[in-house]
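Participant: Predicted model follows, preceded by the sequence.
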Amino acid sequence: MAKRSTRRTASEQAEGTPRLGTVVRFTPQAARAGVRQLEGSGFRVASSKDFRSAKAVPNDFDGADVQYFERFGIAIVRRDDERLRPMVEKAMQQKTVSGVRPERTYRALGAAGMQRAEIAQASFAGVATLDQDYLRGYRDGINELVDRLLGSSDVVEGERAAVPRVDETTATWGLQATRVIGSSLTGAGIRVAVLDTGFDHTHQDFVGRAVTKKLFASRSSDDDMVGHGTHCIGTACGPMRPATGPRYGIAYEAEIYAGKVLGDDGFGTDRSIIAGMDWALDQNCQIISMSLGAATRLGDQPSDDYEQIGQVCLDAGTLVIAAAGNESARPQRIAPLGSPANASTIMAVAAVDNAFRIASFSCGGMNPSQEVDIAAPGVAILSSLPGNKYDRWDGTSMATPHVSGIAALIAQSNNAFRGWALWARLLQISRPLRFPPRDIGKGFAQAPPS
């Protein structure tokens, strides 16, 4: 998640935004009975299967009141709360429904200049077009921050490596820190679904790549108007040799599945996100990357819906990786993990800067049994943007595709690394850092040896 202004006025929220519905979770083995109860109460139910061949999921469910996701046992009800309430109460008594909650809104979790106001003020968009002296000065500044990084396998926070400076002439600091540049793995044969704000597949660095796109966000264009999705896909699956600048992509031969679940304003709902996850499983994606979330509070429990969805994905051999959240203001305040990353069946990713410090914005495991699982580079991350551009963004959104790209390399290395086994392997080869699991999880993500 990259940081940008994400507060919307009431008029902005109302304009072009669908009315939020109700999320109904059926008891396993009783979902069909629950659907029949909805239909018996006069609700028109549309199956997620109805839209599998469509380029975009209709904003109005094709006139239906309910969108039902069979494999997850979850329905989104859009209309007639008064009619829904008595039906749900009866269904819960009969144990055909196990949970009901209001639909939530989720947002992209990263953007330019979250920690670096001076760069934001300079409107640092389109690295390739900037003055060369400015770029050299900026590179030197970055070098001073990363000179303790990557020279030794034993470098941890608080230590300084006695090695030559590492610059980003050939590869970004994130790819160096995670040892991606030393790996011969490419992600070939692996399908990575990035559920985000869309993707500019016409970018010069992705010509000829296998890309599948689908629109899930309501009342939204097909294009990536925010840039967030293009940036995340660039890190996870960008090219080995970009048209300009250093290498910034990890799994450069992976197949890209770009689901636009966040609209042109960077916001989405449970309906769009769950639909995107359902689609990714239909496409046999081994990895689902979600740099999005909703803030939580101290005392909040994980969503049982995403616990259930994450488990279904893992059982199908698909690992879901999500951003931990950007709501902290360290060291004064550490915010709890956002949703859906706080679900135990979804891998939560924290952000680290190029000195191996926890990023000031990165959320932590402040609620019981809701800890970060792994950490990755999330500050000053250079990647692609729509219109053949590039930029450095911050956020747990930027850390998440690092882990997703590395997961693709691991999945390529051995067909046994799927679902839970892929999760375990990511943690097994991670690099310990001197921070509590609350903040860093098992450690810092590393590419597999090759």
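Facilitator: Perfect, I can see it now. Residues are numbered from 1 along each chain as shown.
Participant: which residue ranges form the helices in this protein?
Facilitator: All helices of the chain, identified by DSSP state H, fall at 10-14, 31-40, 81-93, 117-121, 132-146, 173-177, 228-237, 270-282, 304-315, 396-413, 420-428, 437-440.
Participant: Reformat those helices as a markdown table; add distance to residue 256, mean neighbour count and mean pLDDT.
Facilitator: All C-beta atoms are positioned from the backbone trio N, CA, C, and that covers glycine. Shown next, in a markdown table, are the helices of the chain (distance: least, Cβ to Cβ, whole Å; neighbours: other Cβ atoms under 10 Å; pLDDT from 0 to 100):
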| stretch | distance to residue 256 | mean neighbour count | mean pLDDT |
| --- | --- | --- | --- |
| helix 10-14 | 31 | 10 | 38 |
| helix 31-40 | 32 | 17 | 93 |
| helix 81-93 | 38 | 15 | 88 |
| helix 117-121 | 28 | 12 | 33 |
| helix 132-146 | 28 | 13 | 39 |
| helix 173-177 | 18 | 26 | 97 |
| helix 228-237 | 5 | 32 | 98 |
| helix 270-282 | 12 | 24 | 97 |
| helix 304-315 | 18 | 21 | 97 |
| helix 396-413 | 10 | 31 | 98 |
| helix 420-428 | 18 | 18 | 98 |
| helix 437-440 | 29 | 20 | 94 |
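Participant: how about these, which one is nearest residue 167?
Facilitator: helix 132-146 (5.2 Å; Cβ to Cβ).
Participant: Tell me which of the helices of the chain sits nearest to residue 67.
Facilitator: For residue 67, the closest of those is helix 270-282, at 6.3 Å, according to Cβ to Cβ.
Participant: Save the helices of the chain as JSON lines, and put in distance to residue 450 too.
Facilitator: As requested, these are exported to JSON lines (distance: least, Cβ to Cβ, whole Å):
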{"stretch": "helix 10-14", "distance to residue 450": "48"}
{"stretch": "helix 31-40", "distance to residue 450": "43"}
{"stretch": "helix 81-93", "distance to residue 450": "52"}
{"stretch": "helix 117-121", "distance to residue 450": "34"}
{"stretch": "helix 132-146", "distance to residue 450": "23"}
{"stretch": "helix 173-177", "distance to residue 450": "14"}
{"stretch": "helix 228-237", "distance to residue 450": "18"}
{"stretch": "helix 270-282", "distance to residue 450": "27"}
{"stretch": "helix 304-315", "distance to residue 450": "26"}
{"stretch": "helix 396-413", "distance to residue 450": "7"}
{"stretch": "helix 420-428", "distance to residue 450": "14"}
{"stretch": "helix 437-440", "distance to residue 450": "25"}
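Participant: mind checking the end-to-end distance for stretch 213-225?
Facilitator: 15 Å (Cα to Cα, to the nearest Å).
Participant: Buried residues in it, which are they?
Facilitator: Residues 213-218, 220, 223-225 are the ones in stretch 213-225 that count as buried (16 or more other Cβ atoms under 10 Å).
Participant: So for the residues you listed, which is the shakiest by pLDDT?
Facilitator: Lowest pLDDT of those: residue 218, 89.
Participant: so that one makes contact with residue 59?
Facilitator: Yes. Assessed by Cβ atoms under 8 Å, residue 218 is found in contact with residue 59 at 4.6 Å.
Participant: who touches residue 222 in this structure?
Facilitator: By Cβ atoms under 8 Å, 6 or more residues apart in numbering, the contact list for residue 222 reads 56, 198, 213, 215, 260.
Participant: and the gap between it and residue 214?
Facilitator: 9 Å (Cβ to Cβ, to the nearest Å).
Participant: shared neighbours, these two?
Facilitator: Both residue 222 and residue 214 are in contact with 56, 260, where contact means Cβ under 8 Å, 6+ apart.
Participant: Which secondary structure element of the chain has the lowest mean pLDDT?
Facilitator: Least confident helix or strand, the chain: helix 117-121 with a mean of 33, by mean pLDDT, DSSP states H and E.
Participant: Skip the chain neighbours and tell me the closest residue to residue 359.
Facilitator: Of all residues not flanking residue 359 in the chain, residue 351 sits nearest, at 3.9 Å (Cβ to Cβ, 6 or more residues apart in numbering).
Participant: ok, the one you found touching residue 362?
Facilitator: Yes. The criterion here is Cβ under 8 Å, and residue 351 meets it with residue 362 at 4.4 Å.
Participant: who's more crowded, those two?
Facilitator: Using other Cβ atoms under 10 Å as the criterion, residue 351 and residue 362 rank with residue 351 on top: 36 against 33.
Participant: Please report how far that one lies from residue 395.
Facilitator: From residue 351 across to residue 395, the span is 7 Å (Cβ to Cβ).
Participant: Overlap of the contact sets of the two?
Facilitator: Residues touching both residue 351 and residue 395 (Cβ under 8 Å, 6+ apart): 361, 378.
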